[in-house]
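# Sequence below, structure please.
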Amino acid sequence: QLQLVESGGGLVQAGDSLRLSCAGSSRTFRNYNIGWFRQAPGKEREFVGVVNRIADRSEYADPVKGRFTISRASDEVTVHLQMNSLKPEDTAVYYCAAAWGSNYLGRREGDYDYWGQGTQVTVSS
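Numbers count the residues shown, from 1 in each chain. Okay, the predicted model is just below:
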């Protein structure tokens with residue numbers, strides 16, 4: 001079973017940048033597409049973005065397109081979510097999730113097999 005741990009959250013001001021990390025518990029992590037989701041208080045969890053297992057394809061939700069970038073580290077057990085030009089509406093708990101690698105890049109929670117516990121991102125105005 002794959003375990004995921006997010007890190008890097010915190011309190012920042014609008015316009016700042018933040019990089020989140022998702023660490024996998026084993027090298028099987030490299031075989032999974034990795035997605036990021038977020039959940040703001042009182043709202044449903046929503047898709048943020050996804051990268052495929054070989055990092056040659058990624059997709060993003062419209063609200064973050066052009067500001068957020070997902071990358072895979074060379075250690076093969078870490079994925080980063082680089083968040084630039086942060087806005088107060090980006091405030092949420094951010095989760096990474098893993099789906100067995102395929103050509104399909106899922107945007108629904110049900111597309112993913114494993115989830116992390118989440119990391120809080122708060123953007124002040």
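
# partner residues bridging the residue positioned nearest the centre of the chain?
The chain has Trp36 as the residue nearest its centroid, 2.6 Å off, counting by Cα atoms, centre = their mean. With DSSP bridges applied, Trp36 shows beta-bridge pairing to Gly49, Cys96.

# Next one, pLDDT for it please.
We have a pLDDT of 98 for Trp36.

# Distance of it relative to Leu20?
Per Cβ to Cβ, to the nearest Å, Trp36 is found 8 Å from Leu20. Backbone N, C-alpha and C define where each C-beta goes, glycine included.

# ditto for Tyr104
With Cβ to Cβ as the criterion, Tyr104 and Leu20 are 24 Å apart.

# Please apply the same query to Glu76.
Taking Cβ to Cβ, one finds Glu76 at 18 Å from Leu20.
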